[in-house]
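Peer 1: A predicted structure for the sequence below; I have some questions about it.
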Amino acid sequence: MLGNDEIRKSLDEAARDPHRGILVVPSVEATKSLKPGSASLDFRLGRWFLAIQQTRTSEIDLTKPRGSGEFEAQEGKMYYVPFGQKFVMHPGRFVLAATLEWIRMPETLGGYITGRSTIGRRGLVIETAAGLHPGFSGCVTLELSNCGEVPVAVVPGMKICQIFFHELQGGSKGNETSLGGRRKPTFGNYSLDGMLAQMCSSDNGTLG
């Protein structure tokens, strides 16, 4: 895992050459989070939220693959919240959000995202597709869920998560993903892998 000195070096490297190091835009506030003894960058909440409309969705059938755009058009609703205004998360509500910062990972580093404990202790859980692969670029999609008993209000621009970085050892460098390059939250594409597709199309749908 990279400590604060190594993270700062990587950010400085990207400032000199945008094709190298950890590139964060805007970088000022993220860099301020690097303090002695720290090992992560703080990222802020963006202005876009994506929710599943319960009134239009009776169930989500994961045996019927659909592209991200198709799913969002039929089941999703996008909300834009200006700076200074609140987005209220009621108990049991689940929405997708995106970080305010845009990040580009170098091919030599991976990363993972965690929520801030001070927010989690208020009932708001930030789960993510936890890994950032080498070569990823874009705003990070966050999964927000209020598991508490009272509504929680969030505002764009607040610190919402932290990213830890680790070096890549072995394997190929760089990763192509359909979720890269995005600035708004997205459900992503879902498709059955070969074995599951065969199981679902078989007579009894069981393995073995």
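Peer 2: Received it, and whenever you're ready, just let me know what you need.
Peer 1: quick one: the strands in the chain?
Peer 2: Assigned by DSSP state E, the chain shows strands spanning 23-25, 40-52, 76-80, 87-89, 94-104, 109-115, 124-128, 131-132, 137-146, 152-154, 159-167.
Peer 1: among the ones you listed, which is nearest residue 195?
Peer 2: Minimum separation from residue 195 across the strands of the chain (Cβ to Cβ) falls at strand 131-132, 22.4 Å. For the C-beta atoms, the positions are set from N, CA and C on the backbone; glycine is no exception.
Peer 1: pLDDT weak spots in this protein?
Peer 2: 28-30, 54-75, 128-129, 171-181, 187-194, 196-197, 200-208 (pLDDT under 70).
Peer 1: Spatially nearest residue to the residue nearest in space to the middle of it (excluding sequence neighbours)?
Peer 2: Ranked by distance to the mean C-alpha position of the chain (Cα atoms, centre = their mean), the top residue is residue 141 at 2.8 Å. Leaving out its chain neighbours, the residue that sits closest to residue 141 by Cβ to Cβ, 6 or more residues apart in numbering is residue 185, at 4.7 Å.
Peer 1: How about residue 103?
Peer 2: Closest residue to residue 103 apart from its sequence neighbours, by Cβ to Cβ, 6+ apart: residue 24 at 5.3 Å.
Peer 1: Then residue 25?
Peer 2: Using Cβ to Cβ, 6+ apart and skipping residues adjacent in sequence, the residue nearest residue 25 is residue 102, 4.7 Å away.
Peer 1: ditto for residue 150
Peer 2: residue 91 (6.8 Å).
Peer 1: Not counting sequence-adjacent ones, nearest residue to residue 85?
Peer 2: Distance criterion Cβ to Cβ, 6+ apart; nearest residue to residue 85, sequence neighbours excluded, is residue 155 at 7.0 Å.
Peer 1: Equivalent analysis for residue 140, please.
Peer 2: Among residues not flanking residue 140 along the chain, residue 99 sits closest, at 4.5 Å (Cβ to Cβ, 6+ apart).
Peer 1: Next up, the contacts around the one you found.
Peer 2: Neighbour list for residue 99: 43-46, 139-140, 142, 160-161 [criterion: Cβ atoms under 8 Å, 6 or more residues apart in numbering].
Peer 1: In JSON lines, list those residues along with distance to residue 79 and neighbour count.
Peer 2: Converted to JSON lines, the contacts of residue 99 look like this (distance: Cβ to Cβ, whole Å; neighbours: other Cβ atoms under 10 Å):
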{"residue": "43", "distance to residue 79": "19", "neighbour count": "26"}
{"residue": "44", "distance to residue 79": "17", "neighbour count": "18"}
{"residue": "45", "distance to residue 79": "13", "neighbour count": "24"}
{"residue": "46", "distance to residue 79": "11", "neighbour count": "24"}
{"residue": "139", "distance to residue 79": "16", "neighbour count": "21"}
{"residue": "140", "distance to residue 79": "18", "neighbour count": "25"}
{"residue": "142", "distance to residue 79": "14", "neighbour count": "23"}
{"residue": "160", "distance to residue 79": "16", "neighbour count": "26"}
{"residue": "161", "distance to residue 79": "19", "neighbour count": "22"}
